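Undergrad: Okay, here's the prediction I keep looking at, along with the sequence it came from:
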Amino acid sequence: MKKSIEDLEARIAELQEELTRAKRQLAEADLDRLNQQIQTKAHEAYQYRMLFEASNSMPAIAGFDGYFKVLNSTWSKVLGYTKEELCSRPYLEYVHPDDLEKTLAEAQKLADSEENTLNFENRYICKDGSCRWLAWYSVVDQEAKLYYAVAHDITEMKMKEQELIQARDEAEAADKAKSQFLANMSHEIRTPMNGVIGMTSLLMETPLSAEQKDYVETIRLSGENLLAIINDILDFSKIESGKIEMEIYEFNLRSCVEEVLDLVGTLAVKKELEFLYYIAADVPEKILGDVTRLRQVLVNLASNAIKFTESGDVLIWVELGKTIGPGVVELCFSVHDSGIGISTEQQERIFHPFTQADSSTTRKYGGSGLGLVICQRLVTLMGGQIEVDSELGRGSIFRFSIPISGHKGHSRRDVEKIQPLHQKKVLIVDDHKIIRDILTRLCRQWGMQPHAVGSCQAALSLIQQPLPLDFAILDCQLPDMTDFALGHELLRHRPSLPLILLTSQASYGDKYRGLFTALLTKPLKHSQLLDLLRVTAFQAPQVENTQAFSPQLNETFARQVPLRILLAEDNVINQKLASRALEKLGYTIDVVNNGLEVLESLSIKTYDIIFMDVQMPEMDGLTATREILKMKSNRPIVIAVTAAAMEEDRIRCLEAGMDDYISKPFRIDQIQPLLQKWKQNLS
């Protein structure tokens, strides 16, 4: 028994010894793990500290008390202060005074923010007195009342940004100065040009020999060409400076195209070119758009086509393109010519400012090199695009398209207008295939039955057949028989057949009186042809020449439209020009040199109309007009006459109280309708 107890106690002692050993081993293991963890944490802390210090950015910890707690050494490199100096004073003392208020506001926003982040920029003052821009990304620990932030030095980026802004401002200032310079130059050039063009027009009204008329016409044409260049430069300036705005309203497309024929058709006639146009049957008569800018593009393209074409034809073609969207369709224009063509290399440059296809030292065609770039910019402003298809020696085709909306088809009045021509049969004789094709298309559009032939012999062969005919349309220049002989032959077989002659010469009337029912002067206007066809079949044969002559000055106009007129103009030549033009109309006018003299004249005498120059010494026209507006009774109509031709100049005149506006150089034939208009208003 005693042995068993001793053995048991020994066993307990062994167990206690094992337990103590086990505890010691466990403690040693825990201590090793703890040491290992401590070493790991210390290493991580060291790594973080190294990263914190080595960072090129500027990490910082700051308290709600306004002091930095921890900074890395980059702060010292950037600002020049030691870390101890930066942490010893409130950080707001280092913020630039101009940024202090917003820095306080942003810090408060961060402290109150639930999102707990902030992006912000401000300036810090360096130890040497300079400033550095810092961009901040910050979070906040509300419980510890600490800001954790990283700042980045963005001073170089800010400097580049300022340089770019300065460069932009300088470029805008230079562009504004350029536009103003061009406007001023336009004004200065237009003033003497007004005298040149106006005086030559007056001179043409006087008795002159043929040689003298030729000289005067040369001067006038030179003046018109110079004015065209000035207008190109001014238009380009307005487009470049964004001062052109599109005016959208309804207009008649056919009238727009025919106005182009009026403006440049004379050039085609002088070069003996066929100048034609065609508008497809499905193109609406009325469209919405800017008729002035569209006409300007077409005039530019047509003028170029005529200038670069020595023989053959120039054609304007209009048709509908694809549907762009609900109620919006593409209207496609193309201007064809049979001229010299443009090489592939030149095609890449012609839409660049001041660049011309004809760039050799022996330039033949002249021009400013701005016409096509103006066309391109205007088409772009209208929402379209322009392109060219050309080959040297084979002519060119300029195409552009613009979107139109709200367009209208043919009205009931248009349908009624062509109703009398339904099923009427017409003989067309022209050796020019394009003209035959266009006339054939037109006649079919109007419900007629055309029979087109290309020679006199073919026409005579057809006329001898039992084919009823209601009209015959003949070209004046046929290769195998004169128009005079063909007309007689046709009337010999069909004595009552109305004959319409297409001619480039306005003087055919007397020669063919009694032979042709009517003459249509080229370039052919479809509206004139339609009107003639509607009435010709029911009239006795008589020559009607549709050539539009420029209005002549009516020397009895002043008796019909009596007005008391005052001219305010400081330029002696322009005084003489305006005086002579008004004298030609039968007026005797008073002339003054500035706005002060205008007011003095009004205190002595009553006037109906004042032609007021804008830029005059002592008192300009705008100031004088404002003074005139203060008159309680008998206030005259004030018409601005100025060489400042930009849209804002017109608006400035109207805003000053002027009633109307003419830009220099003005045409003498503008005066009569203007006086007529304001006489009606005065009545």
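TA: Cool, the structure landed. Numbering: from 1, shown residues only.

Undergrad: buried sites along stretch 374-384?
TA: Within stretch 374-384, the residues that qualify as buried by neighbour count (16 or more other CB atoms under 10 Å) are 374-379, 381-382, 384. C-beta: built from backbone N, CA, C; applies to glycine.

Undergrad: Among these, which one sits closest to residue 527?
TA: residue 382 (24.4 Å; CB to CB).

Undergrad: Quick check: the closest one touching residue 402?
TA: Yes - using CB atoms under 8 Å, residue 382 is in contact with residue 402, at 4.5 Å.

Undergrad: Can you name the next helix or strand after the helix or strand of the chain with the lowest mean pLDDT?
TA: Least confident helix or strand, the chain: helix 412-418 with a mean of 57, by mean pLDDT, DSSP states H and E. On the C-terminal side of helix 412-418, the nearest following helix or strand under DSSP states H and E is strand 425-429.

Undergrad: how deep is the closest residue to residue 556 other than its chain neighbours tucked in, by neighbour count?
TA: Leaving aside its sequence neighbours, residue 556 sits nearest to residue 586 (CB to CB, 6 or more residues apart in numbering; 6.1 Å). Neighbour count of residue 586, defined by other CB atoms under 10 Å: 16.

Undergrad: a helix runs through residue 586, doesn't it?
TA: No - assessed with DSSP: H, G, I helix; E, B strand; the rest coil, residue 586 is coil; it does not lie in a helix.

Undergrad: Thought residue 557 was touching it, still the case?
TA: Yes - using CB under 8 Å, residue 586 is in contact with residue 557, at 5.7 Å.

Undergrad: how about the CA coordinates for stretch 286-302, as PDB?
TA: Once non-C-alpha atoms are left out, stretch 286-302 reads as follows in PDB (Å, rounded to 0.1, in the frame of the first residue of the first chain):
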ATOM      1  CA  LYS A 286     -40.400  77.300-101.700                       C
ATOM      2  CA  ILE A 287     -37.800  76.300 -99.100                       C
ATOM      3  CA  LEU A 288     -36.500  77.500 -95.700                       C
ATOM      4  CA  GLY A 289     -32.900  78.800 -95.600                       C
ATOM      5  CA  ASP A 290     -30.600  81.800 -96.000                       C
ATOM      6  CA  VAL A 291     -31.300  82.900 -99.600                       C
ATOM      7  CA  THR A 292     -28.500  85.600 -99.400                       C
ATOM      8  CA  ARG A 293     -25.800  83.100 -98.500                       C
ATOM      9  CA  LEU A 294     -27.000  80.400-100.900                       C
ATOM     10  CA  ARG A 295     -27.000  83.000-103.700                       C
ATOM     11  CA  GLN A 296     -23.500  84.100-102.700                       C
ATOM     12  CA  VAL A 297     -22.200  80.500-102.900                       C
ATOM     13  CA  LEU A 298     -23.800  80.000-106.300                       C
ATOM     14  CA  VAL A 299     -22.600  83.300-107.700                       C
ATOM     15  CA  ASN A 300     -19.000  82.500-106.500                       C
ATOM     16  CA  LEU A 301     -19.000  79.000-108.100                       C
ATOM     17  CA  ALA A 302     -20.700  80.200-111.300                       C
END
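
Undergrad: What's the mean pLDDT across that stretch?
TA: Stretch 286-302 shows a mean pLDDT of 86 in the predicted model.

Undergrad: Any idea how far that stretch is from the middle of the chain?
TA: 12 Å (CA atoms, centre = their mean, to the nearest Å).

Undergrad: what residues does that stretch touch?
TA: 235, 244, 246-253, 256-257, 259-260, 263-264, 275, 314, 316, 331, 333, 335, 371-372, 374-375, 378-379, 381-382, 398, 400, 402, 404-408, 411 (CB atoms under 8 Å, 6 or more residues apart in numbering).

Undergrad: Likewise for stretch 335-353?
TA: 236, 298, 301-302, 305-306, 308-317, 355-357, 369-370, 372-373, 376, 386, 388, 390-398.

Undergrad: What segments of the stretch 51-200 of the chain are strands?
TA: 58-63, 68-71, 117-125, 131-141, 146-153 (DSSP state E, counting those that start in this stretch).
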